[in-house]
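>>> What shape does this take:
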Amino acid sequence: MTNSSSCCTPPICLTNPARLTQPYELPSPFEVETGTVFLHEPAWATAGELRAQLLDESYPKPFVIDDGKSRFLYFNVRLMQSEMSLKTPNDLMLRYTQKMMAFLLFHPRPKRIVLIGLGGGSLVKFCHQRLPGAQMTAVELNPDVIAWRDAFLMPPDGPRLQILEADGADYLAQTEKGIDALLVDAFDKTGFAPSLANREFFENAFAKLAGNGVLVINLAGEKDSYAGLIGEAMHVFDDQVIVISVPEDGNHVLYAFKERHFEPRWRWLHSFAKELRANYGLDFPAFAQKMERSTKLGLARREAIRRR
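Below you'll find the model as predicted:
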């Protein structure tokens, strides 16, 4: 069992309006996901009932599992949302989050980043630490996700970071233009956030991006479930879309570029990728290779027509 109060492990606390500063904890009831489970529940909650809800996936709130080495955010045991290494909490542990940062190949010095979907704040922390010139806004609809903010060691709000409880589509419709990078990783128990799965969202994204801005979306689940999203992106962004697979996580990542006449200079990008790898510790050369291959094979269009 993980000892969350040991000197070597960051303690788990809650940031939530119900003023539950310490979460409810119990040994993990799962066979594979071992460690300690932390829940948004008062001390008088019944362990047996909570354990049963976790096992039959009826527990309604996001929860955390801590195994002493890593901390994970789940919506249910089949839907792991985030992973944080306790030794290196600002690193990107999941491969798809690393590939989402491939937008730096095309926009290496973003000044304004908007993230829709907070999860365990992996991208927030990485960008906050590694991109000191960027101002960031993270938008999360579910207050029970935001309540785990301190547990995942996210920095406090300040001049460079705001974490807002709001619908991402509403925020995008109302915010000012000039977003350099719009990173979308927004899921609930049922899949991709419904308010973002329509043409209006993509039109608002296009309108609010800066002239050379980039939209990046994590696509997860069955391919047929997000083929329509790829099609909408291609329609709004005039086919200036790249989609790459993330076989390690079973995901795809979509990049949509607002820049007119977007024509990647792949030879130069492969060279620049080595510089980015040295600066950020991510495998940008592999990202660039995969993006070039996807472009040549027309992967985005092939995925978009799957639903036809």
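
>>> In this structure residue 273 contacts residue 105, no?
Yes. Between residue 273 and residue 105 there is a contact under CB atoms under 8 Å: 6.3 Å. Where you see a C-beta, it was placed from the backbone N, CA and C, and this is true even at glycine.

>>> Dihedrals phi and psi, residue 268?
Main-chain torsions, residue 268, degrees, to the nearest 10: phi -70, psi -40.

>>> from now on call the first residue 42
All right, first residue 42 from here; so that's residue 309.

>>> returning to that earlier point: give me the common contacts of residue 314 and residue 146.
Residues touching both residue 314 and residue 146 (CB atoms under 8 Å, 6 or more residues apart in numbering) are 325, 328-329.

>>> Name the nearest of those relative to residue 174.
Closest approach between these and residue 174, by CB to CB: residue 325, at 18.6 Å.

>>> Count the residues that sit near that closest one.
25 (other CB atoms under 10 Å).

>>> Next one: it from residue 319, what distance?
9 Å (CB to CB, to the nearest Å).

>>> same deal with residue 251?
Look at residue 251 and residue 319: by CB to CB, they are 26 Å apart.

>>> who has more neighbours, these two?
Legend: neighbour count by other CB under 10 Å for residue 251 and residue 319, higher for residue 251 (18 against 9).

>>> unless I'm mixing things up, that one is touching residue 300, no?
No. With contacts counted by CB under 8 Å, residue 251 stays clear of residue 300, the gap being 9.4 Å.

>>> Where do the helices of this protein begin and end?
88-96, 136-141, 163-171, 184-187, 209-215, 240-249, 264-277, 307-321, 325-338, 340-345 (DSSP state H).

>>> closest one to residue 74 among those?
Of all the helices of the chain, helix 88-96 comes closest under CB to CB, at 9.9 Å.

>>> So which elements touch that closest one?
Other elements packing on helix 88-96 under the criterion 3 or more CB pairs under 8 Å, 6 or more residues apart in numbering; DSSP states H and E are strand 65-68.

>>> change it to 10 Å
strand 65-68, strand 77-80, strand 104-107, strand 111-117 (3 or more CB pairs under 10 Å, 6 or more residues apart in numbering; DSSP states H and E).

>>> Is it possible to get JSON lines of these that adds distance to residue 185 and mean neighbour count?
Listed next are the helices and strands packed on helix 88-96 as JSON lines, based on distance: least, CB to CB, whole Å; neighbours: other CB atoms under 10 Å:
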{"stretch": "strand 65-68", "distance to residue 185": "13", "mean neighbour count": "16"}
{"stretch": "strand 77-80", "distance to residue 185": "10", "mean neighbour count": "23"}
{"stretch": "strand 104-107", "distance to residue 185": "9", "mean neighbour count": "23"}
{"stretch": "strand 111-117", "distance to residue 185": "10", "mean neighbour count": "21"}
